[in-house]
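In: Just the structure for this:
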Amino acid sequence: MGIIVWLVVGGVVGWLASLIMRTDAQQGILMNIAVGIIGAVIAGLILGKGNINQGLTIETFLWSLLGAVILLAVINLVRRGSVR
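Out: Below is the predicted model of the structure:
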C-alpha cells in the first residue's frame with residue numbers, strides 16, 4: 001500500500017511543483033511522479049523535515065512540495081543557466 005501512496009502523492013506534488021515553476025508543458029505524468037518522489041526524499045533527507053513515510057499530513061505534503069520545487073529550480077538552473 002505504501003508504494004501506491006508514494007506514486008499518487010508523488011504525482012500530485014510533482015504536478016503542483018511543475019505548475020509553480022511553469023514547466024508543466026515540458027513533462028508528462030511519469031516525470032511529475034519522479035519529481036514528486038525525489039522532492040519528498042530531498043525534503044526528508046536534506047531539509048530534515050518529515051516525509052510522507054511518517055504519515056500523509058498537510059505538513060509533510062508541503063515539505064515534499066518544497067523539495068520538488070527546489071529540485072525543479074536546480075534542474076532549470078543546470079539546463080538553462082537561470083531559474084524561471
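In: For the longest helix seen in the chain, buried residues please.
Out: Longest helix in the chain, counting residues (DSSP state H): helix 58-80. Across helix 58-80, burial judged by 16 or more other CB atoms under 10 Å covers 60-61, 63-73, 76. Every residue, glycine included, has its C-beta placed from N, CA and C.
In: Remind me what that helix packs against, helices and strands.
Out: Contacts defined by 3 or more CB pairs under 8 Å, 6 or more residues apart in numbering; DSSP states H and E place helix 58-80 against helix 2-20, helix 29-45.
In: Let's see the longest one as CSV, backbone CA atoms only.
Out: Written as CSV, here are the backbone C-alpha positions of helix 2-20 (Å, rounded to 0.1, in the frame of the first residue of the first chain):
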residue,chain,number,x,y,z
GLY,A,2,2.9,2.3,0.7
ILE,A,3,4.1,2.3,-2.9
ILE,A,4,0.7,3.4,-4.1
VAL,A,5,0.7,6.3,-1.7
TRP,A,6,4.2,7.3,-3.0
LEU,A,7,3.0,7.2,-6.6
VAL,A,8,-0.2,9.1,-6.1
VAL,A,9,1.3,11.8,-3.7
GLY,A,10,4.4,12.0,-5.9
GLY,A,11,2.3,12.6,-9.0
VAL,A,12,0.3,15.4,-7.3
VAL,A,13,3.3,17.0,-5.7
GLY,A,14,5.3,16.9,-9.0
TRP,A,15,2.4,18.3,-10.9
LEU,A,16,1.9,21.2,-8.5
ALA,A,17,5.6,21.9,-8.4
SER,A,18,5.7,21.9,-12.2
LEU,A,19,2.8,24.4,-12.2
ILE,A,20,4.6,26.6,-9.8
